[in-house]
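Asker: Got a sequence here, can you build the structure:
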Amino acid sequence: MTERVLAAGERILLVDSRDRRYLITLSTGKQFHSHSGTLDHDELIGAFEGTTVRSSKGARMLAFRPTLSDYILKMQRGAQVVYPKDLGLIIMYADIFPGAAVLEAGTGSGSLTLALSRAVGDAGLVISYELREDHHERGAANVREWYEGLGGKPENVDLRVGDVFEDIPESGVDRLVLDLPEPWRAVGRTTHSLAAGGIMCCYLPTVPQVQQTVEAMRRGGFGIVNTFEGLVRTWNIEGQSVRPDHRMVAHTGFIVTARKLAGLEDASIPDA
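Answerer: Numbers count the residues shown, from 1 in each chain. Below you'll find the model as predicted:
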């Protein structure tokens, strides 16, 4: 494939010598300002990705197009985002595949929506419900800005304002992914939308929420229930000095997955 040079209007990631990262949009005649000095956007426009530039104070910076992980960590947020380490686990253990129809709630800031959209591909569809109008607007803006940076539109994402616990029209979806405080309320109300054999995946911060969700799943026509969390620890490699970094991304949330059983009507699970 032909390498594309960085262009005006394109979103890029600047990384300094201390691994500090800045997400900017290139614009002719503009400057980027930081404690390291200024940098003319024009120095980057027309350059290849991975190029090295120096600020007015001589600080070295690398320029790349951002990964989805970079964008999620730097994008504006309303609700708390699902972090990249958990997104990877959700995509794998909920088995989000190209062409899948995924029902998500809530949209929040859109990080999970973006990961699901990428995983289902052009042939798939992500229908995402958000109860709060302000969170819906923020999530929609983040999804739109990511795709605009790639030169396209999110054709496989349908963002809606609504209560996923009320009657919803979807049926036969492949996956149900919930980032909500009370996902157990979906069992017997929303899980009718999920095809038999489909996977329900919930992202939860606390043990009591996990307990109530798992109990509801087991009573409500689900099997193969699994609960886990992911911890990420980076390492520092400097010559003969090899050690784990002093800080790590430890607990952010629990992930619960379960398979919908065939031939069983969803039980109605009462609210707590």
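Asker: Could you chop this protein up by domain?
Answerer: Domain assignment for the chain by automatic domain parsing gives 11-66, 69-260.
Asker: Longest helix of the protein, counting residues only.
Answerer: helix 133-149 (DSSP state H).
Asker: Name the residues that touch it?
Answerer: With contacts defined as C-beta atoms under 8 Å, 6 or more residues apart in numbering, helix 133-149 is touched by 10-11, 25, 66, 68, 71, 75-79, 106-111, 113-114, 117, 128, 130, 153-154, 157, 159-161. (Glycine included, C-beta is placed from N, CA and C.)
Asker: Can you say which of the residues you listed are buried?
Answerer: Among those, those classed as buried by 16 or more other C-beta atoms under 10 Å are 10-11, 66, 68, 71, 75, 77-79, 106-111, 113-114, 117, 128, 130, 154, 157, 159.
Asker: Inside helices: which ones of these?
Answerer: Per DSSP H, these map to helices at 68, 71, 111, 113-114, 117.
Asker: how about the CA coordinates for whichever strand or helix holds Val126, as CSV?
Answerer: Using DSSP states H and E, the element containing Val126 is strand 125-130. Extracted as CSV, the C-alpha positions of strand 125-130 are listed here (Å, rounded to 0.1, in the frame of the first residue of the first chain):
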residue,chain,number,x,y,z
LEU,A,125,-24.4,-3.2,13.2
VAL,A,126,-24.2,-1.7,16.7
ILE,A,127,-27.4,-0.3,18.1
SER,A,128,-26.6,1.7,21.2
TYR,A,129,-29.1,3.0,23.7
GLU,A,130,-28.4,5.9,26.2
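Asker: helices and strands around that strand, which ones?
Answerer: strand 101-105, helix 111-120, helix 133-149, strand 157-161 (3 or more C-beta pairs under 8 Å, 6 or more residues apart in numbering; DSSP states H and E).
Asker: 6 Å - rerun?
Answerer: Judged by 3 or more C-beta pairs under 6 Å, 6 or more residues apart in numbering; DSSP states H and E, strand 125-130 is in contact with strand 101-105, helix 111-120, strand 157-161.
Asker: Show residues contacting that strand.
Answerer: The contact list for strand 125-130 (C-beta atoms under 6 Å, 6 or more residues apart in numbering) reads 101-107, 113, 116-117, 136, 156-160, 162, 164.
Asker: repeat that with 7 Å
Answerer: 101-108, 113, 116-117, 120, 136, 139, 156-162, 164, 170 (C-beta atoms under 7 Å, 6 or more residues apart in numbering).
Asker: strands paired with that strand, and their directions?
Answerer: strand 101-105 (parallel), strand 157-161 (parallel) (DSSP bridges).
Asker: how about those strands in TSV, adding mean pLDDT?
Answerer: Shown next, in TSV, are these (pLDDT from 0 to 100):
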stretch	mean pLDDT
strand 101-105	98
strand 157-161	97
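Asker: Select the longest strand from the protein.
Answerer: Using DSSP state E to define each element, the chain has its longest strand at strand 194-204.
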